[in-house]
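*Asks:* take a look and give me a structure for this.
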Amino acid sequence: MPSVFSRIIAGELPARMVHEDDRAVAFLSIAPLQIGHTLVVPRQEIDHWLDLPPDLLDALMRTSQTVGHAIQQAFSPGKVGMMLAGLEVPHVHVHLVPIATVRDMDFANADPDPDPAAMDDAAARIRAALAGGG
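*Replies:* Modelled structure (predicted):
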């Protein structure tokens, strides 16, 4: 059975997509730790990051860095945190989160019902930063 991320990539489920290329996609988390929390996901469904072929790992990290620069530009946080936890969905994904403190990366702080207008605005800001070179 395809992961929820594979279904998003296939267009079967909605997502606030901010980036797509031939190796990876990036979209906002539906339960963000902070507004702007973005997931970078390889198109190929692989459960554990240790199993990524080196070229795909490189592509995923390059995409994460590009999207991270856009998040930095869009939100001006102290840092853009990056985490590979991999427990929520059996499909490799990189969490990129605008943070001020390490507490901002605590999954206990996830918002299960974020404001749709704020999410739409966050996606638009990240896409605009990416269009401007991130």
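*Asks:* from here on, contacts and neighbour counts on C-alpha atoms
*Replies:* Fine.
*Asks:* which element is the closest residue to E20 other than its chain neighbours on?
*Replies:* When the adjacent residues along the chain are set aside, E20 lies closest to A26, with 6.4 Å between them (Cα to Cα, 6 or more residues apart in numbering). Using DSSP states H and E, A26 falls within strand 24-28.
*Asks:* all helices of this structure, in order?
*Replies:* Using DSSP state H, the helices of the chain run over residues 4-9, 54-75, 116-131.
*Asks:* what pairs with the strand holding A26, parallel or antiparallel?
*Replies:* Strands flanking strand 24-28 in the sheet, each with its direction: strand 17-20 (antiparallel), strand 38-42 (antiparallel) (DSSP bridges).
*Asks:* now for those strands, which one comes closest to I126?
*Replies:* strand 17-20 (6.5 Å; Cα to Cα).
*Asks:* for that closest one, the distance to its chain's centre please.
*Replies:* If you compare the mean C-alpha spot of strand 17-20 with that of the full chain, they lie 9 Å apart, counting by Cα atoms, centre = their mean, to the nearest Å.
*Asks:* what's the closest non-adjacent residue to the residue nearest the centre of the chain?
*Replies:* Centroid check for the chain by Cα atoms, centre = their mean gives L39 as the closest residue, at 1.5 Å. Here the nearest residue to L39 in space, its sequence neighbours aside, is H95; by Cα to Cα, 6+ apart that works out to 4.8 Å.
*Asks:* okay then, goodbye and thanks.
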